[in-house]
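[1] What would the 3D arrangement of this be:
(one chain, ligands or ions: 1)
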Amino acid sequence: MDTETQDVTTTEAWRALDAHRDEIAAVSLRELFAIEPQRAQALTSHAGDLVVDFSKQRLTGRTLELLLQLAEQTGVAAAREAMLSGAHINVTEDRAVLHTALRLPRDAQLIVDGVDVVADVHAVLDRMGEFTDRLRSGDWRGATGQQITTVVNIGIGGSDLGPAMVTRALRRFHDGPATRFVSNVDPADLTAALADLDPATTVFIVASKTFSTLETLSNATAARRWLVDALGEDAVAKHFVAVSTHTERVVEFGIDPANMFEFWDWVGGRYSVGSAIGLAVMCAIGRERFAEFLAGMHTIDTHFATTAPARNAPLLAGVIGVWNASILGYRSRAVVPYAQDLARLPAYLQQLTMESNGKSVRADGTPVACPTGEVFWGEPGTNGQHAFFQLLHQGTEIVPVDFLGLARSGDDLPARDGQTSMQVLLLANMFAQAKVLAFGRDADEVRADGVDEALVAHKVMPGDRPSTTILAPELTPSVVGQIIAFYEHQTFVQGVVWGIDSFDQWGVELGKTQATALQSVLAGDEIPDTGDASTDHLIEVYRTLRNGGR
Ligand SMILES: O=P(O)(O)OC[C@H]1O[C@](O)(CO)[C@@H](O)[C@@H]1O
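    Down below sits the predicted model:
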């Protein structure tokens, strides 16, 4: 941390972009498409199976040129090389950042701090494969000799969102035991998950990088009690496995290290679904499909590492994200997958992007000089259309949208018209939304439709609302891996440009320690003195309500 981190706003490219913003402010997307007939093709990148169309972003060829200069002047290529080679780019924790090593093929080699991490990675993948083969074939039996029918993953943040999102996304490939995910320390989460389960046929995966996370250890302890009450202490070995970097804590919890799947401190929690944290996914879809998922990620890693900047999809997405958030002032991004199976993708991306880039100081501790981390949110289309799209179309806030769509669906059904299919209808909705956001409809067009003058202003669609459209052939394990790696790398690019450490998360620590301190205050009945009047008052109100008062 001795080296000073560059302030992006002092670069030549930033100053040029700042001026350029004003130059193109009055140019509409309609005009840009009229001036550049090949715009759609020119602004579409191909990465693996992903086709990424940036043409509806508010930018010109000159904007992209300047954004690529910005990437150059902030050292994105060198930072990427440093990450991929295992340099300690997570400076505040002095750690390498090597989630890309999790998806290197078996015959690759990567020596980091004197160790071949690829060999370690594949040794764990093999152990995961052996375990999941046994579980899926029925060879692994519970304490009463019954076959395991349900796997419950207990974890939170990266130890939940990745496997939960991917397992759901790959529903069609699910041919193993049923999977459930418990994350919240709210007892309702565990209680609901266990309500109809039989301890004799249930296996718990306790997934925690640190094995010290309050929510996970609370849920794991309660789940252990549920199992032991029914089957006795000896049953734990057949019904609990752990995924962690911390063997001693796993043993202390009472899980046999033989049933522990290891990963390493160079895998950040939100980047860990390709590690043993993906064990629940492997239980659901099997080791071959999981290998395809990893291979999909590796395809995008290779694209990111080797493709020229002007065609490099995650690099372009990253700098366009900076352009939107920091220069145009569009502070949030909606992610709208037109795929019900990607319903958890927005939540997954919230952690990936916001825990990574939601920082106000640069890696050297100096304050950032421009807005950083976008606020990510979203829901699957078409549901989102009937909820928040009104604001996207006509609100005062401009929210860039990432549309994700699939050309084919394994679930397709005939459409009501008897001619097309519901998947075609779904995609037609996606294209329509992106089209209307970009090109809108002006007052004359509204009038030309014979709309009553009193309603014209209400029906004007302003347009010029940016979006990126990502298309893929089908939701396969590989494509899901590709989507994840695509977002991981754009998050990385943004972090480098902003000069922040995208791999720490100090901002979540204080709340955790204060919760632990407040737990006993809430449970007790002494006059609260927590150091602030607001919290003291809330605790008193809480106690009154808890005791049935008003
Ligand atoms: O895997 P662990 O150590 O239980 O941590 C869970 C999550 O908690 C965090 O540390 C903070 O939210 C995340 O980064 C992480 O994914």
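[2] Specify the beta-bridge partners of I154.
    V182, V206 (DSSP bridges).
[3] Now do the contacts for the most centrally placed residue in the chain.
    Residue closest to the mean C-alpha point of the chain, counted by CA atoms, centre = their mean, is L349 at 2.6 Å. With contacts defined as CB atoms under 8 Å, 6 or more residues apart in numbering, L349 is in contact with V335, F376, G378, Y487. Placement of C-beta: from N, CA and C, glycine included.
[4] now, the most widely separated pair of those?
    G378 and Y487 (12.2 Å; CB to CB).
[5] F376 contacts V335, correct?
    Yes. Counting by CB atoms under 8 Å, F376 touches V335, with 6.2 Å between them.
[6] what is in contact with these two at once?
    P346, L349.
[7] pLDDT score for the closest residue to E215 other than its chain neighbours?
    Nearest residue to E215, sequence neighbours excluded (CB to CB, 6 or more residues apart in numbering): V185, at 4.1 Å. Note for V185: predicted pLDDT of 97.
[8] May I have the secondary structure class of V185?
    V185 falls in the coil class when you classify it by DSSP: H, G, I helix; E, B strand; the rest coil.
[9] how about the residues of the stretch 351-500 of the chain near the ligand?
    Contacts of the stretch 351-500 of the chain with the ligand, taken as CB under 6 Å from any ligand atom, map to E355.
[10] what number of residues lie near whichever residue of the stretch 351-500 of the chain sits closest to the ligand?
    Ranked by CB to the nearest ligand atom, the top residue of the stretch 351-500 of the chain for proximity to the ligand is E355, at 5.7 Å. Neighbourhood size, E355 [other CB atoms under 10 Å]: 22.
[11] Ok, the one 5 residues further on next?
    S360: 11 surrounding residues under other CB under 10 Å.
[12] ok, now T74?
    24.
[13] my guess is D464 is in a helix, correct?
    No. Applying three-state DSSP, one finds D464 to be coil, outside a helix.
[14] wait, isn't it in contact with V27?
    No. In this structure, D464 is not within contact of V27 by CB under 8 Å, at 9.2 Å.
[15] ok, the two, which is more surrounded?
    D464 (17 against 13).
[16] Could you tell me which residues of the stretch 151-300 of the chain lie near the ligand?
    So the stretch 151-300 of the chain meets the ligand at I156, G157, G158, S159, S208, K209, T210, T213, T216, G269, R270 (CB under 6 Å from any ligand atom).
[17] Phi and psi next, for the first one.
    The reference is to I156. According to degrees, to the nearest 10, the main-chain angles of I156 amount to phi -150, psi 160.
[18] go on, the last one?
    As for R270, its main-chain torsions (degrees, to the nearest 10) stand at phi -80, psi 0.
[19] Check the fourth one too.
    Listed backbone geometry of S159 is phi -90, psi 10, with angles given as degrees, to the nearest 10.
[20] Hmm, it is touching G269, no?
    Yes. Here S159 reaches G269: they are 6.3 Å apart, a contact under CB under 8 Å.
[21] what touches both of those two?
    In contact with both S159 and G269: K209, I277, using CB under 8 Å, 6+ apart.
[22] can you pull the pLDDT of D2?
    54.
[23] Tell me how far the residue in the stretch 251-400 of the chain that the ligand sits nearest to lies from L352.
    The stretch 251-400 of the chain approaches the ligand most closely through G269 (2.5 Å), counting by CB to the nearest ligand atom. Distance, G269 to L352, using CB to CB, to the nearest Å: 10 Å.
[24] about what we covered before: can I assume the residue nearest to the centre of the chain sits in a helix?
    Yes. Remark: L349 belongs to a helix, assigned using three-state DSSP.
[25] Grab the nearest non-local neighbour of it.
    Using CB to CB, 6+ apart, the closest residue to L349 is F376 (5.0 Å).
[26] can you count the residues close to that neighbour?
    24.
[27] repeat for S478
    24.
[28] Excluding sequence neighbours, find me the nearest residue to it.
    Nearest non-adjacent residue to S478 (CB to CB, 6+ apart): G296, at 3.3 Å.
[29] Touching, that neighbour and P473? I think so.
    No. Using CB under 8 Å, G296 is not in contact with P473; the gap is 12.0 Å.
[30] Who has more neighbours out of the two?
    G296 (26 against 13).
[31] Which pLDDT does the model give that one?
    So, for G296, pLDDT stands at 98.
[32] on that earlier part again, pull the contacting residues for the residue nearest to E215.
    By CB under 8 Å, 6+ apart, the contact list for V185 reads L214, E215, S218, N219.
[33] my read: the first one touches G511, true?
    Just to be clear, that refers to L214. No. Applying CB under 8 Å, one finds L214 not in contact with G511, separated by 10.7 Å.
[34] Compare these two (neighbour count), which wins?
    More crowded of L214 and G511, by other CB under 10 Å: L214, with 14 against 9.
[35] pLDDT score assigned to the more buried one?
    Taking L214 on its own, its pLDDT is 94.
[36] Report the contact partners of it.
    V185, K512, A515, T516.
[37] For the last one, which three-state class applies?
    Here T516 takes the helix state, with states given by three-state DSSP.
[38] Pull up the per-residue confidence for it.
    T516 is given a pLDDT of 89.
[39] And the second one, by the same measure?
    Model confidence at K512, expressed as pLDDT, equals 88.
[40] Could you measure from it over to T530?
    In terms of CB to CB, K512 sits 16 Å off from T530.
[41] circling back: in which helix or strand would I find the residue nearest to L349?
    strand 375-377 (DSSP states H and E).
[42] Show me what the helix or strand following that strand packs onto, helices and strands only.
    Sequence-wise, the next helix or strand downstream of strand 375-377 (DSSP H and E) is helix 389-394. With contacts taken as 3 or more CB pairs under 8 Å, 6 or more residues apart in numbering; DSSP states H and E, helix 389-394 sits against helix 422-439.
[43] Mind listing residues that contact the helix it packs on?
    29-30, 56, 336, 338, 381-382, 385, 389, 392-393, 401, 403, 405-409, 411-415, 461, 463-467, 469.
[44] list the buried ones in that helix?
    Applying a neighbour-count criterion of 16 or more other CB atoms under 10 Å, one finds Q423, L426, L427, N429, M430, Q433, A434, V436, L437, A438, F439 buried in helix 422-439.
[45] per-residue pLDDT, the last one?
    F439 is assigned a pLDDT of 98 by the prediction.
[46] Distance-wise, check it relative to V456.
    18 Å.
[47] what about V152, is that helix, strand or coil?
    strand.
[48] so what pLDDT did it get?
    pLDDT, read off for V152, is 98.
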